[in-house]
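Engineer: Could you work out the structure for the sequence below:
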Amino acid sequence: MKTIKYLLLTIILLLTSCEKIDKDCPDCILKQTREFIKGQHCDEGASVSEWIFQGEHVFMFSDGTCGADFGATVLDQYCEYVGNLGGFTGALTINGIDFYQNATRIKTIWKQD
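Structural biologist: This next block holds a predicted model:
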């Protein structure tokens with residue numbers, strides 16, 4: 001009986017530790033992050049991060065490093081589209097403002113291992 005308890009505890013710990021998502025974010029961002037992870041095409045470099053841009057919390061969904069034209073989609077805290085960065089055109093601006101010069105990175109929500 002003791003062995004079964006330890007086995008169940010180990011399985012529960014393994015299952016809950018596999019999802020390395022910082023859950024301290026809006027529910028819609030958490031849901032989008034889970035969908036983003038399922039749809040990953042790259043083996044490395046994909047991530048979701050929180051930023052402050054134009055006085056608002058925004059979330060960057062970076063596609064990873066396996067494609068030269070992959071970029072990042074930026075959503076607000078309500079999962080509304082804010083803009084795209086990188087990609088085929090190498091875009092650096094959203095709403096005419098250089099994102100990287102005017103945004104502050106807060107934290108990583110998820111990072112591909």
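Engineer: And the residue nearest the centre of the protein?
Structural biologist: Closest residue to the average C-alpha location of the chain: residue 48 at 1.6 Å, with C-alpha atoms, centre = their mean.
Engineer: Mind listing the strands the helix or strand harbouring it pairs with, and their directions?
Structural biologist: Following DSSP states H and E, one finds residue 48 within strand 47-53. Strand 47-53 sits in its sheet next to strand 56-62 (antiparallel), strand 103-111 (antiparallel), going by DSSP bridges.
Engineer: buried sites along the last one?
Structural biologist: Under the neighbour-count criterion of 16 or more other C-beta atoms under 10 Å, strand 103-111 has 103, 109-110 buried. Using the backbone N, CA and C atoms, a C-beta is placed for each residue, glycine as well.
Engineer: for stretch 72-79, same thing?
Structural biologist: Residues 72-76 are the ones in stretch 72-79 that count as buried (16+ other C-beta under 10 Å).
Engineer: Ok, stretch 37-50 next?
Structural biologist: 46-50.
Engineer: tell me which of the residues you listed is nearest to residue 24?
Structural biologist: residue 50 (9.2 Å; C-beta to C-beta).
Engineer: who's that closest one bridged to?
Structural biologist: Applying DSSP bridges, one finds that residue 50 bridges with residue 59, residue 107.
Engineer: pretty sure it is touching residue 25, no?
Structural biologist: Yes. Between residue 50 and residue 25 there is a contact at 6.6 Å, judged by C-beta atoms under 8 Å.
Engineer: Find the residues that touch each one of those two.
Structural biologist: Listed as contacting both residue 50 and residue 25 by C-beta atoms under 8 Å, 6 or more residues apart in numbering are 59, 109.
Engineer: the helices in the protein, which residues?
Structural biologist: In the chain, the helices defined using DSSP state H lie at 2-18, 27-38, 99-102.
Engineer: Need the contact partners of the last one.
Structural biologist: Residues outside helix 99-102 that contact it (C-beta under 8 Å, 6+ apart): 53-54, 74, 83, 85, 92-93.
Engineer: in that helix, what counts as buried?
Structural biologist: If you call a residue buried by 16+ other C-beta under 10 Å, then helix 99-102 has these buried ones: residue 99.
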